[in-house]
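Student: coords please:
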Amino acid sequence: MLTSLHGIKTSSVCFIFSLIIFSVISKILFDHVYAVSKSIVDEKFHIPLGMSYCKFNFYEWDPKVTTLPGLYMISSLILGPLKLCSTYWLRFTSLGASLVNMVLFYVLFKKYEKNEWSNILSALTMALIPPVYFFSLVYYTDIVSLTMILVMIVAYEKNCHFLASIFGFASVLCRQNNIIWVGLVGGRYVLTNLHSIIMEKSTRKYVSEGTERIERFTHTQTPWSSVMQLVCQPKMLLDLPLKFWLNTSSYGAVLLSFMIFLIINGSIVVGDKTAHEATIHIPQLFYFSLFSMIFAWPHFVGEVINFTKFARRHKLMLIISLLLGIIIVLKNTIAHPYMLADNRHYSFYVWNRFYGKYAFFRFAMIPVYIFAWYVIIKTLYNKNDATYILLYLPCVIVVLITQKLIDFRYYFVPYILFRLRVKNNTNSVFNLTLEFVTYLLVNAITFNLFFTKTITWHDFPDPQRLIW
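Tutor: Predicted structure coming up:
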């Protein structure tokens, strides 16, 4: 039982203290980043538009920008009235959002887990995910976009679905492909609530037939069978409560508005459509699984023995997976020209020193991808509620395989949605500590490289830096 300090839980005090320490250190690092670099890669597009919107000039646009103006609109709401329209304060928007994200992580972990101390460490660790943490110090869309998604999920968990849909819409204004995560949250609401409503009605129907019939129905009925029951008996839709329809309509309105945008715009991309042409790039799923395994490695290591046992029991499945992996790598490996040319990103070096240099390396990694996906699926699977994984997997597939460019930022939301579902176990504190220390070390190394290594680009008057 946690002790209290004047009615406040000790764990809450510790979380506030950790948030303050995180804020102070981040501010110091933020100022140092600003001192050495006033424009980082895509900031040359974002900062001028951010300044224009901050001054309430909403008519300027750069055709090279491919996202909707959500980031600039949020900046104008916060900074515009204060007349803080400078590069420093625009970047500070991301830093402020990262602090909010840490609080949101804590709220979500408290919802999913009961161990307060693990929740504090988990929230702090999530805020320090190295690629995510770096972009909290610059003016990119990713951190504010993540904030909108996390608020949407928190509102969903609190049963505030109208509010969730509003922040879902705001997330789409920041990055268009966030519509997929709105679909995940909205779809989960529909499936789980349809299931519970039908279960309640059917239980009342069978109550007169005895306990045995009720138990048999309860064990066989799943969310998907409830949906099929509705398909076979559409009149049941008339009996669904008004609250269900209102909440469903909130999410549906966001999806419908996005469909209208697609029809009018002709593409999910605004501005320079040649920069992000839709394609089929299945190996993105492999790279995402590797990203997840690297950054959540303490939670993966413990599954090696279980995977070995699983592989022995399912040899045919393993062989088929290996063959499919070989075919996909052989036929569908794609290297975007941007990645091959831009030596300011880690992906450039990973590709040119491993994937692009040694063909056998691409194939040697296939068993690693299979293991990583085994852990991801096992972590997300819940026999009592399969709706999450059944929606998560197709959403991740749609978001990733349509991206030609390999960019770590594409993996942020899928990874965080996975990581939020990692359950505490007997080794949780030890694993979390390892994860936390890993993130500190990786951040230390990456920021050291950022501050000490300069790269000359003819398009930029100032020396460029190495970033994620």
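
Student: next SSE after the helix or strand where F418 lies?
Tutor: Per DSSP states H and E, F418 falls inside helix 412-419. Sequence-wise, the next helix or strand downstream of helix 412-419 (DSSP H and E) is helix 428-452.

Student: which helices and strands sit right next to that next one?
Tutor: When contacts are defined as 3 or more C-beta pairs under 8 Å, 6 or more residues apart in numbering; DSSP states H and E, helix 428-452 sits against helix 10-36, helix 116-127, helix 130-135, helix 297-301. C-beta coordinates here come from the backbone N, C-alpha and C atoms, glycine included.

Student: mind listing what's buried along the very next helix or strand once past the first one?
Tutor: Proceeding C-terminally, helix 10-36 gives way to helix 43-54 as the next helix or strand, assigned by DSSP H and E. Within helix 43-54, the residues scored as buried using 16 or more other C-beta atoms under 10 Å are 43, 45-54.

Student: in TSV: these, plus pLDDT and distance to K331.
Tutor: As requested, the buried residues of helix 43-54 are exported to TSV (pLDDT from 0 to 100; distance: C-beta to C-beta, whole Å):
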residue	pLDDT	distance to K331
E43	93	37
F45	93	34
H46	96	36
I47	96	40
P48	95	41
L49	96	39
G50	96	41
M51	96	45
S52	96	45
Y53	97	44
C54	95	47
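
Student: and of those residues, the nearest to V304?
Tutor: Minimum distance to V304 across the buried residues of helix 43-54 is 41.1 Å, recorded for E43 (C-beta to C-beta).

Student: from T67, how far out is that closest one?
Tutor: For E43, the distance to T67 equals 13 Å [C-beta to C-beta, to the nearest Å].

Student: re the thing from before, CA-only coordinates of the helix holding F418 in CSV, if you can.
Tutor: The C-alpha coordinates for helix 412-419 follow below in CSV (Å, rounded to 0.1, in the frame of the first residue of the first chain):
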residue,chain,number,x,y,z
PHE,A,412,7.0,5.9,-33.9
VAL,A,413,3.2,5.4,-33.5
PRO,A,414,3.1,1.6,-34.3
TYR,A,415,6.0,1.0,-31.9
ILE,A,416,4.4,3.1,-29.1
LEU,A,417,1.0,1.4,-29.5
PHE,A,418,2.9,-1.9,-29.2
ARG,A,419,5.0,-0.8,-26.3
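
Student: okay, angle between that helix and helix 428-452 too, please.
Tutor: Counting by axes from the mean of the first three to the mean of the last three C-alpha atoms, to 10 degrees, helix 412-419 lies at 160 degrees to helix 428-452.

Student: give me the mean pLDDT for helix 412-419.
Tutor: For helix 412-419, mean pLDDT is 97.

Student: for it, name the packing helices and strands.
Tutor: helix 130-135, helix 142-157, helix 179-206, helix 283-295, helix 366-380, helix 387-401.

Student: convert the C-alpha atoms of the last one to CSV, please.
Tutor: What follows is the C-alpha trace of helix 387-401 in CSV, where atoms were taken according to Å, rounded to 0.1, in the frame of the first residue of the first chain:
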residue,chain,number,x,y,z
THR,A,387,-10.1,-6.9,-31.1
TYR,A,388,-6.9,-4.9,-30.5
ILE,A,389,-4.5,-7.2,-32.3
LEU,A,390,-7.1,-7.9,-35.1
LEU,A,391,-7.3,-4.1,-35.8
TYR,A,392,-3.6,-3.3,-35.0
LEU,A,393,-2.1,-5.6,-37.5
PRO,A,394,-4.0,-4.5,-40.6
CYS,A,395,-3.5,-0.8,-39.5
VAL,A,396,0.3,-1.3,-39.3
ILE,A,397,0.3,-3.1,-42.6
VAL,A,398,-1.6,-0.3,-44.4
VAL,A,399,0.5,2.5,-42.8
LEU,A,400,3.9,0.9,-43.5
ILE,A,401,3.8,-1.0,-46.8
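
Student: what comes up buried for that helix?
Tutor: 387-392, 395-397, 399-401.

Student: in JSON lines, list the helices and strands packed on helix 428-452 along with mean pLDDT.
Tutor: Output for the helices and strands packed on helix 428-452, formatted as JSON lines (pLDDT from 0 to 100):
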{"stretch": "helix 10-36", "mean pLDDT": "94"}
{"stretch": "helix 116-127", "mean pLDDT": "92"}
{"stretch": "helix 130-135", "mean pLDDT": "97"}
{"stretch": "helix 297-301", "mean pLDDT": "95"}
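
Student: and of the ones you listed, who's closest to F258?
Tutor: So among these, helix 130-135 is nearest, using C-beta to C-beta, at 24.3 Å.

Student: which residues are in contact with that closest one?
Tutor: Contacts to helix 130-135, defined as C-beta atoms under 8 Å, 6 or more residues apart in numbering, come from residues 94, 98, 127, 142-143, 146, 295, 408-409, 412, 416, 439, 442-443, 446-447, 450, 467-468.

Student: buried subset of those residues as a ChimeraX selection?
Tutor: To isolate the buried ones among those in ChimeraX, judged by 16+ other C-beta under 10 Å, type:
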select :94,98,127,142,143,146,295,408,409,412,416,439,442,443,446,447,450,467,468
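
Student: walk me through the domains of the chain.
Tutor: 175-275, 277-424 (automatic domain parsing).

Student: which among those domains is found nearest to E113?
Tutor: Closest among these, once you apply C-beta to C-beta, is domain 277-424, at 5.2 Å.

Student: ok, now how distant is the spatially most central residue of the chain from R419?
Tutor: The residue lying closest to the centre of the chain (C-alpha atoms, centre = their mean) is V413, at 0.8 Å. Plainly put, V413 is 11 Å away from R419 if you go by C-beta to C-beta.

Student: quick one: buried residues of the strand or helix carrying L108?
Tutor: For L108, the host element (DSSP H and E) is helix 87-112. By neighbour count with 16+ other C-beta under 10 Å, helix 87-112 contains the buried residues 87, 89-99, 101-110.

Student: likewise for stretch 262-275?
Tutor: Neighbour-count burial for stretch 262-275 [16+ other C-beta under 10 Å]: 268-271.

Student: check the secondary structure at I406 for me.
Tutor: coil (DSSP: H, G, I helix; E, B strand; the rest coil).

Student: verify the stated contact: it with Y338.
Tutor: No - taking contacts as C-beta atoms under 8 Å, I406 lies outside contact range of Y338: 9.3 Å.

Student: which one's more surrounded, the two?
Tutor: I406 (23 against 16; other C-beta atoms under 10 Å).

Student: tell me who's in contact with that one.
Tutor: 284, 287, 335-336, 339, 347, 351.

Student: all set, thanks.
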